[in-house]
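> Need coordinates for the below:
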Amino acid sequence: MSISRRGLLKGMAASSAVAATFSAGYTQAATSPQASNIAPQKKPNLVIIFPDEFRAQALGFMQQDPSMTPNLNKFARQSTVLRQAVSNFPLCTPFRGMLMTGQYPYRNGIQGNSHTGVEGQFGGKDFGIELKKSTVTWSDLLKQQGYSMGYIGKWHLDAPETPFVPSYNNPMEGRYWNDWTAPDRRHGFDFWYAYGTYDLHMNPIYWTNETPRDKPLHINQWSPEHEADIAIKYLRNENGQYRDSSQPFTLVVSMNPPHSPYDQVPQKYLDRFSGKTSQQLNNRPNVQWDKAYQEGYGPKYFKEYMAMVNGVDEQFGRIIDELDRLNLTEDTLVVFFSDHGCCMGSNGQPTKNVHYDEAMRIPMIFRWPGKINAQQHDLLFSAPDIYPTLLGLMGMEDLIPDTVEGTNFANTIKGIKGDKEPSSQFYTFMPYGGQSYGRRGIRTSRYTLMIDRKVGKPLTYVLHDNQIDPYQMENIAAANPMLIEKLIQDELIPWLEHTGDPWRPTTVPAHSANAYL
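Predicted structure coming up:
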C-alpha cells in the first residue's frame, strides 16, 4: 500500500481529532468563501440505492450467479462499474459507518452492529457503537450546501434506547435491535421514511417526519416495493410536498432484501425460478452442502436469495425509469452499491463478516450521463472511498474534511488518468470491546491474507491466491511465510498505520518454504 502526502496528513489529522474539533473544522470548511463558491455550475442531484447483502457475484452481467438483473445490467452499460469494490468490515453497521464518515472502523468507533444487550449479554451500545451526533457525514455537508435531503429504508446506525419500542426483534437473540432515529441524529436528512433494523420484509415498519416514536407505520407490502413507491413520490414531488423544488436533492433508498430471512419475498419472484432448486442454482464449487447451518440460513435458501435479488432489481428499475421519465437523468448522479455480500454456503459460511470474496465484494456502479462514460474498472475501491468520491464527482472536493480516511477516486470514475490507485484493500473484524484482538488482513489484485488473533492462542493465518484459486478453497499460508511477511510489511502495516489501528501481527508463521510469488 502506498499513501499520498495528503493521505498521511489526513491520517495525522484524524489521529488528533476529537468530536469538538471535528465539528468546528466542518463549520469552517462549509462556510468559508472558497467552499461556498467552488461549484458555480448547477449542483447535481444525487440518488443512492443500496440493498443489504447483495453480493457482487449476484449482478447478472458478472456472469457468476444465475441471477436475473435486467435493470441493473442496463444501468451498468450506462455507467462506470468498479468490479473489485469491497466492504472492508462486511457487516451492516460497520459498513454504514464507513459510508457516512469516510473513516475505517477503528477511527470512527463503529466496530460492530448497533444494538442493545439484554439479560447480561453485551450489545454494540455497551461499547458506544452508533453514529455520533458530532460526526461530520457527507449528508451534513450536502445539507449545508442547500440540498433537500431524503432517506428511505434501513438506517441501522443507532442503538435502541429504553423504553424499547415494541417490535418482533426487541428483543431477539438476546439483544434489542430496532428503534426510530431522533431528528437530531438524522445528519441532514430532512425527509425521513426509515427504521433502524427490522427484517419482516413483507410487513415492514417505518417512522416518518410526523410519526411519533411509539406509533410507527405498519405496512402490508414488500419493503423494496413500498420504498420504491415512496422514492417515486419523492422524485415527482407533487405540490412540493416532499422537498423544496428550487433546491438540488439527495435521495437515499436503503433496501433491506436480499438480507435474511430469505423466505420473505413475493411469490412472483420465486415463480421466475420455477423448476429450479437451490442446489441447481447455487453452483459455486466452494459451496458446502453437507454442513449443518443455523435454521433459516445456508445454501438451501439460494433460490429465495435469487428471487429477492430479482425483486430488488425490478424495484431499482422502477426508480431509475421514473428518474428518466422526469428528465432528471443528466442532472443526477446515481450510485448503486450494497453494504456487504453474502456467502450462502460458500466455504461453509452462511452469510457475511468474513474475508471471503462472496462476503467482501459488493456492487459499485456510478451513472451520470454526460459526466461519466460507460466503463468497467478493477480499481481496488473500499467503503470509506464512497464519501470523498461522491463529493469529488459533484464538484465539492474542497469540502472533504481532512479526517476522512477514504480516497477521492472521481477522476478514475470519470475516465481521467492521474489517481494513484491503491495496491490493496484493508479487511478488519473486531470483537466487541476487544480491538486488540480479532481479524485483520488485506486483499490485493492477486492475494487475500487474513490473520486472526484470539485470546490466549497463537495467531492463525489464511492466504489465498485468487488467480489460481478464485473460489478461495485452499489455504496456502503454511507454504508461504516469506510472501506473508512481504504482504504484512508492504500492505497490512501501512493500512494499520493509516487507520490508527494498534493491532499488529507479532510473529510470522514459522514454516520453512520458498516464497510463493
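> how does the chain divide into domains?
Residue ranges for the domains of the chain, per automatic domain parsing: 5-38+49-413, 436-498.
> As JSON lines, the ones you listed with mean neighbour count would be great.
The C-beta positions use only the backbone N, C-alpha and C, and glycine is treated the same way. Shown next, in JSON lines, are the domains of the chain (neighbours: other CB atoms under 10 Å):
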{"stretch": "domain 5-38+49-413", "mean neighbour count": "20"}
{"stretch": "domain 436-498", "mean neighbour count": "18"}
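> Help me confirm that Tyr297 comes into contact with Gln349.
No. Tyr297 lies out of contact with Gln349 (CB atoms under 8 Å); the separation is 9.6 Å.
> what's the overlap in contacts for these two?
Common neighbours of Tyr297 and Gln349, using CB atoms under 8 Å, 6 or more residues apart in numbering, do not exist here.
> before we move on, the earlier item: switch the domains of the chain over to CSV; also include distance to Ser423.
Supplementary listing: the domains of the chain in CSV, determined by distance: least, CB to CB, whole Å:
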stretch, distance to Ser423
domain 5-38+49-413, 7
domain 436-498, 6
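> weakest of those in terms of mean pLDDT?
Mean pLDDT across the domains of the chain is lowest at domain 5-38+49-413; the value there is a mean of 92.
> Give me the contact list for stretch 446-453.
355, 357, 427, 436-443, 459-467, 472, 477, 483-484, 487-488, 491-492, 503, 505.
> and those residues, which of them are in strands?
427, 438-443, 460-465 (DSSP state E).
> Looking at those, point me to the pair that's furthest apart.
Gly438 and Asp465 (24.0 Å; CB to CB).
> quick revisit: go through the ones in strands among the contacts of stretch 446-453 and name the one nearest Ala58.
Using CB to CB, the ones in strands among the contacts of stretch 446-453 come closest to Ala58 at Arg443, 19.1 Å.
> check contacts around the residue nearest the centre of the chain.
With distances taken as CA atoms, centre = their mean, the residue of the chain nearest its centroid is Asp339 (2.7 Å). Applying CB under 8 Å, 6+ apart to Asp339 gives the contacts Phe50, Asp52, Glu53, Ser87, Pro90, Cys92, Phe95, Arg96, Leu99, Ile362.
> Just the closest of those residues to Trp222, please.
Asp52 (14.1 Å).
> Please name the nearest non-neighbouring residue to the closest one.
His259 (4.1 Å; CB to CB, 6 or more residues apart in numbering).
> Show the residue spans covered by the strands in the stretch 51-200 of the chain.
Using DSSP state E, counting those that start in this stretch, the strands of the stretch 51-200 of the chain run over 80-82, 116-117, 148-154, 175-176, 191-195.
> Just want the angle from the longest one to strand 191-195.
Right, strand 148-154. 10 degrees (axes from the mean of the first three to the mean of the last three CA atoms, to 10 degrees).
> related to what we said a few turns ago, which SS class is the residue nearest to Asp52?
State at His259, reduced to three classes by DSSP: H, G, I helix; E, B strand; the rest coil: coil.
> if I pick it, what's in contact with it?
So His259 contacts Pro51, Asp52, Glu53, Asp199, His201 (CB under 8 Å, 6+ apart).
> So which elements touch the helix ranked longest in the chain?
In the chain, with assignment by DSSP state H, the single longest helix is helix 302-325. Contacts defined by 3 or more CB pairs under 8 Å, 6 or more residues apart in numbering; DSSP states H and E place helix 302-325 against strand 45-49, helix 70-77, helix 223-236, helix 267-271, helix 278-281, strand 332-337.
> could I get these as TSV with distance to Gly311?
Putting the helices and strands packed on helix 302-325 into TSV (distance: least, CB to CB, whole Å) gives the following:
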stretch	distance to Gly311
strand 45-49	13
helix 70-77	11
helix 223-236	6
helix 267-271	4
helix 278-281	15
strand 332-337	15
